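Student: Build the 3D model from these lines:
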Amino acid sequence: MTGLILLAVAVAVVPLLLIIGDVVAQGAPAMSLAFLTNTPTPPGVPGGGIASAIQGSVLMVGLATLIAVPIGVGAGIYFSEWPESRLSFLSSFTNDVLAEFPTITLGIFVYLIIVLATRSFSALAGAIALAIVMLPIVARTTEESLKIVPVSLREASMALGVPRWKTVLRVVIGTGKAGLGTGVLLSVARAAGETAPLLLTALYSPFIPRSLFLPAGSIPYLIYYYGLSPFADWRTAAWGAALLLVAFMLLLNLTVKVFIGRRFSGVRAEF
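Tutor: A predicted model of the protein is given here:
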């Protein structure tokens, strides 16, 4: 049985190692300071980079985080602290359904309500689409993080005359904040790698984003667009962008597992 378990681990890990190795081998030749700081150039023109895509991704993911985190944390608190409410049950179920929605469907939804209304693809529409992708992740991880806080802590706080809202903010969230941070980082990692919603909302622009109401580039879309091109230099740039995105994902997940996860485990051990 130990041998079968080790074989299962190898089967699960080997594809990941092969993918990472392929991305590193193909993308490393493109990596340079100019590649990260220059804007794209036409095919065959040397010196092109992905600075506009990096800034577009940072802009849209950052704005999506500002939208999704307060709403998701608030929803997660409600799911955790008032589970007996019928609204809480229905909302929690809806949140789980939303988490399983194909992201292209979310892109179509934002396209209908934002892009058609403004008659323009825009970074704002892309950020709203990514925020919808992030929202159920933040809400669910917040709920699960707060559920492990012992009921005795809540009761002790309210027995001392502390209002419930202050108990939730100071005691419950203060105890489970490491789990909240984990959820935020995981949702950021999910949004940063999404391509489908951006195809119908932000589209693409090779220029540095100047406004939220104009199309904006992003790393996932650049990988998709350049990877399908017949030009060798663009395909190399696509591999370089893929390497940068994979490195970012690995860094976020490593942060969650090693630092925040360890701290969260320490909190649970104290209970």
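
Student: Which of the residues in the helix ranked longest in the chain are classified as buried?
Tutor: When the chain is parsed with DSSP state H, its longest helix is helix 51-81. Buried positions in helix 51-81, judged by neighbour count with 16 or more other C-beta atoms under 10 Å: 51-57, 59-61, 63-65, 67-69, 72-73, 75-81. (C-beta placed from N, C-alpha, C; glycine too.)

Student: Downstream of it, the next helix or strand is which one?
Tutor: helix 86-99 (DSSP states H and E).

Student: Kindly export the helix or strand just after that next one (C-alpha atoms) in PDB.
Tutor: Scanning forward in sequence from helix 86-99 by DSSP H and E, the next helix or strand is helix 103-110. Output in PDB follows, covering the C-alpha atoms of helix 103-110 (Å, rounded to 0.1, in the frame of the first residue of the first chain):
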ATOM      1  CA  THR A 103     -15.500  31.800 -16.100                       C
ATOM      2  CA  ILE A 104     -16.400  32.400 -19.800                       C
ATOM      3  CA  THR A 105     -20.000  32.700 -18.600                       C
ATOM      4  CA  LEU A 106     -19.100  35.300 -16.100                       C
ATOM      5  CA  GLY A 107     -17.300  37.200 -19.000                       C
ATOM      6  CA  ILE A 108     -20.500  37.100 -21.100                       C
ATOM      7  CA  PHE A 109     -22.500  38.400 -18.200                       C
ATOM      8  CA  VAL A 110     -20.200  41.400 -17.700                       C
END
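
Student: what helices or strands is helix 103-110 leaning on?
Tutor: Counting contacts by 3 or more C-beta pairs under 8 Å, 6 or more residues apart in numbering; DSSP states H and E, helix 103-110 packs against helix 123-147, helix 196-199.

Student: Show me the contact partners of stretch 113-131.
Tutor: Under the criterion C-beta atoms under 8 Å, 6 or more residues apart in numbering, residues 56, 59-61, 63-65, 67-68, 103, 106-107, 109-111, 191, 194, 197-198, 200-203, 209, 211-216, 218 lie in contact with stretch 113-131.

Student: Please repeat the previous calculation with a cut-off of 6 Å.
Tutor: Residues outside stretch 113-131 that contact it (C-beta atoms under 6 Å, 6 or more residues apart in numbering) are 59-60, 63-64, 67-68, 106-107, 110, 191, 197-198, 201-203, 209, 212-213, 215-216.

Student: Report the mean confidence score over that stretch.
Tutor: The average pLDDT within stretch 113-131 is 94.
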